[in-house]
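A.B. asks: take this sequence and fold it.
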Amino acid sequence: MLSSKQLHDRRKERNRYQIARKSSGRLRLSVFRSGKHIYAQIIDDKAGKTVVAASSVEKDTRGKLKTGANKEAAKTVGQLVAERAIKAGIKEVVFDRGGYLYHGRVKELAEAARGAGLSF
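C.D. replies: The predicted model follows:
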């Protein structure tokens, strides 16, 4: 029987495979959530570099939030990563939810990024 970590890794790999097939060269907006914080970064897979990043750990973001582990924090991080991406000239990305369900904090981050101007 597989552990929950192994199942999560399996879902993540399956998701990344589909993204690589269908992305057609677009950058990837990757999400990671922990028990205390949420992180988002836009990655150029061809160059292997992170272009833009935002998280609930940053000082200015942390000051505005009660905790980094709720939907409000995810919404703030989504808006922040979208603003930074647009400033860097990035309009279209592919959303990589990792092994997480598109629900709760992950969904809030995605919707906030879309609302701030990113297209995916």
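
A.B. asks: packing partners for the helix of greatest length in the chain?
C.D. replies: Taking DSSP state H as the criterion, the chain has its longest helix at helix 4-22. Helix 4-22 is packed against strand 93-96, with contacts defined by 3 or more Cβ pairs under 8 Å, 6 or more residues apart in numbering; DSSP states H and E. Heads up, the C-betas are built off the backbone N, CA and C, glycines and all.

A.B. asks: go through the next helix-or-strand element following the strand it packs on and flag the buried ones.
C.D. replies: Going down the chain from strand 93-96, the next helix or strand is helix 105-115, by DSSP states H and E. By neighbour count on 16 or more other Cβ atoms under 10 Å, the buried set for helix 105-115 is 105-110, 112-113.

A.B. asks: dump those to TSV, plus distance to Phe120 and pLDDT.
C.D. replies: TSV is the format used below for the buried residues of helix 105-115 (distance: Cβ to Cβ, whole Å; pLDDT from 0 to 100):
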residue	distance to Phe120	pLDDT
Arg105	17	97
Val106	13	97
Lys107	13	98
Glu108	15	97
Leu109	12	98
Ala110	8	98
Ala112	12	98
Ala113	8	98
